[in-house]
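Peer 1: What follows is a predicted structure for the sequence shown.
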Amino acid sequence: MKILPSSPTTANKEMFDDLKRLVEGIDRRVPRLDPLEEAVISRESAELRARAVSLMRAIDEATGRD
């Protein structure tokens with residue numbers, strides 16, 4: 001994402017695209033072998049993914065994207 005986007009619309013699109021890439025990366029994540037580590041990582045990944053999806057929905061609503 002650029003530091004100084006040229007417009008709010010550009011900033012929203014760039015943020016949406018960044019969040020989409022984040023969600024895609026989380027979805028591609030391969031579980032670790034250590035069950036204790038995996039439980040923490042899996043929980044935190046799910047929380048991060050949920051926040052990203054929520055922000056993507058908010059951007060959609062604010063900009064009329066669909």
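Peer 2: Received the coordinates, thanks. Note that the structure is predicted; figures quoted are calculated from it, not measured.
Peer 1: For the lengthiest helix in the chain, give the mean pLDDT please.
Peer 2: Among the segments of the chain that qualify as a helix by DSSP state H, the longest is helix 35-63. What helix 35-63 shows for mean pLDDT is 94.
Peer 1: Give the other helices and strands that that helix contacts.
Peer 2: Helices and strands touching helix 35-63, by 3 or more C-beta pairs under 8 Å, 6 or more residues apart in numbering; DSSP states H and E, are helix 8-28. Every residue, glycine included, has its C-beta placed from N, CA and C.
Peer 1: could you dump the helix it packs on to PDB, C-alpha only?
Peer 2: Only the C-alpha atoms of helix 8-28 are listed here, as PDB (Å, rounded to 0.1, in the frame of the first residue of the first chain):
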ATOM      1  CA  PRO A   8      -9.700   8.300  -0.600                       C
ATOM      2  CA  THR A   9     -11.100   6.000  -3.300                       C
ATOM      3  CA  THR A  10      -7.600   4.800  -4.100                       C
ATOM      4  CA  ALA A  11      -6.800   4.400  -0.400                       C
ATOM      5  CA  ASN A  12      -9.900   2.200   0.000                       C
ATOM      6  CA  LYS A  13      -9.100   0.100  -3.000                       C
ATOM      7  CA  GLU A  14      -5.500  -0.400  -1.900                       C
ATOM      8  CA  MET A  15      -6.600  -1.300   1.700                       C
ATOM      9  CA  PHE A  16      -9.200  -3.700   0.400                       C
ATOM     10  CA  ASP A  17      -6.600  -5.300  -1.900                       C
ATOM     11  CA  ASP A  18      -4.100  -5.600   0.900                       C
ATOM     12  CA  LEU A  19      -6.700  -7.200   3.200                       C
ATOM     13  CA  LYS A  20      -7.700  -9.600   0.500                       C
ATOM     14  CA  ARG A  21      -4.100 -10.700   0.100                       C
ATOM     15  CA  LEU A  22      -3.800 -11.100   3.800                       C
ATOM     16  CA  VAL A  23      -6.900 -13.400   3.900                       C
ATOM     17  CA  GLU A  24      -5.600 -15.400   1.000                       C
ATOM     18  CA  GLY A  25      -2.300 -15.800   2.700                       C
ATOM     19  CA  ILE A  26      -4.000 -17.000   5.900                       C
ATOM     20  CA  ASP A  27      -6.100 -19.400   3.900                       C
ATOM     21  CA  ARG A  28      -2.900 -20.900   2.300                       C
END
